[in-house]
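In: this one's structure only:
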């Protein structure tokens with residue numbers, strides 16, 4: 001079964017817009033788990049525009065499912081991973097100023113950097129996953145740097161899903177199969193929603209995990225958080 005990890009960054013964005021503690025990101029994470037989520041994802045950026053460093057430490061020890069911390073592996077991020085020891089560290093190539101993740105790693109150009117970072121994270125007993133575009137050569141490079149999993153960056157798939165979904169998913173299937181062949185786990189994330197998730201799951205049935213935040217939180221405004229999480233889980237069944 002493909003696990004659903006709920007990204008709660010947007011919950012923190014809502015809280016930060018007014019200050020205070022409403023909504024409470026820890027309580028939302030615990031409720032998401034209670035409603036069926038099999039993991040919680042956060043991405044603590046340097047500017048703390050959504051999840052803050054203190055949120056990450058507040059969540060530590062509270063999460064009973066898999067805790068996944070995304071981020072660019074600078075010194076700040078590596079210190080968080082060392083101190084929190086989540087189930088998974090997902091490495092993204094985002095510079096500090098970007099609005100959201102927008103590309104996968106060049107696993108050949110960044111081979112030495114990624115290899116050292118991944119070796120260090122693994123020494124903490126933490127599973128590693130790295131963002132990659134749907135490119136079989138980048139997947140081969142990912143295997144070369146020693147990561148446990150890849151996370152397929154699905155923005156392109158989601159953008160073209162409604163026009164030509166067979167074409168949109170083609171390279172993702174090839175990349176996922178290459179990862180499986182090389183013994184890598186396969187995660188996916190970015191712009192996945194209730195419309196495009198089932199097709200992705202059906203065509204790549206061996207995916208380990210999807211991480212979904214923005215669309216899920218938007219849907220929860222209409223359907224409620226518990227019902228929304230159940231709706232997403234049904235897409236993955």
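Out: In hand now; what should we look at? Keep in mind that what you see is a predicted model, and the values were worked out from it rather than measured.

In: ranges for the helices of this protein?
Out: With DSSP state H as the criterion, the chain has helices at 9-18, 25-34, 53-59, 75-84, 111-123, 136-145, 155-181, 197-203, 214-223, 225-236.

In: Tell me what angle the last one forms with helix 214-223.
Out: What it means is helix 225-236. Comparing the axes of helix 225-236 and helix 214-223 via axes from the mean of the first three to the mean of the last three CA atoms, to 10 degrees yields an angle of 130 degrees.

In: returning to what we had before: may I see the helices of the chain organised as JSON lines, with distance to residue 40 added?
Out: For glycine as for every other residue, the C-beta is placed from the backbone atoms N, C-alpha and C. Listed next are these as JSON lines, based on distance: least, CB to CB, whole Å:
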{"stretch": "helix 9-18", "distance to residue 40": "11"}
{"stretch": "helix 25-34", "distance to residue 40": "5"}
{"stretch": "helix 53-59", "distance to residue 40": "7"}
{"stretch": "helix 75-84", "distance to residue 40": "12"}
{"stretch": "helix 111-123", "distance to residue 40": "18"}
{"stretch": "helix 136-145", "distance to residue 40": "24"}
{"stretch": "helix 155-181", "distance to residue 40": "22"}
{"stretch": "helix 197-203", "distance to residue 40": "18"}
{"stretch": "helix 214-223", "distance to residue 40": "12"}
{"stretch": "helix 225-236", "distance to residue 40": "12"}
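
In: Go through those helices and name the closest to residue 130.
Out: Nearest to residue 130 among those is helix 136-145; the distance by CB to CB comes to 5.8 Å.

In: Show the secondary-structure elements that that closest one is packed against.
Out: helix 111-123, strand 127-132, helix 155-181 (3 or more CB pairs under 8 Å, 6 or more residues apart in numbering; DSSP states H and E).

In: got the buried residues for the last one?
Out: When burial is assessed from 16 or more other CB atoms under 10 Å, helix 155-181 yields the following buried residues: 155-158, 161, 168-169, 171-172, 175-176, 178-179.

In: Same check on the first one?
Out: Of the residues in helix 111-123, those scored as buried under the neighbour-count criterion (16+ other CB under 10 Å) are 114, 117, 118, 120, 121.

In: ok, of these, which one's closest to residue 186?
Out: residue 118 (16.7 Å).

In: what's the closest one in contact with, if anything?
Out: 91, 128, 130, 145, 146, 147 (CB atoms under 8 Å, 6 or more residues apart in numbering).

In: Perfect, I'm done here.
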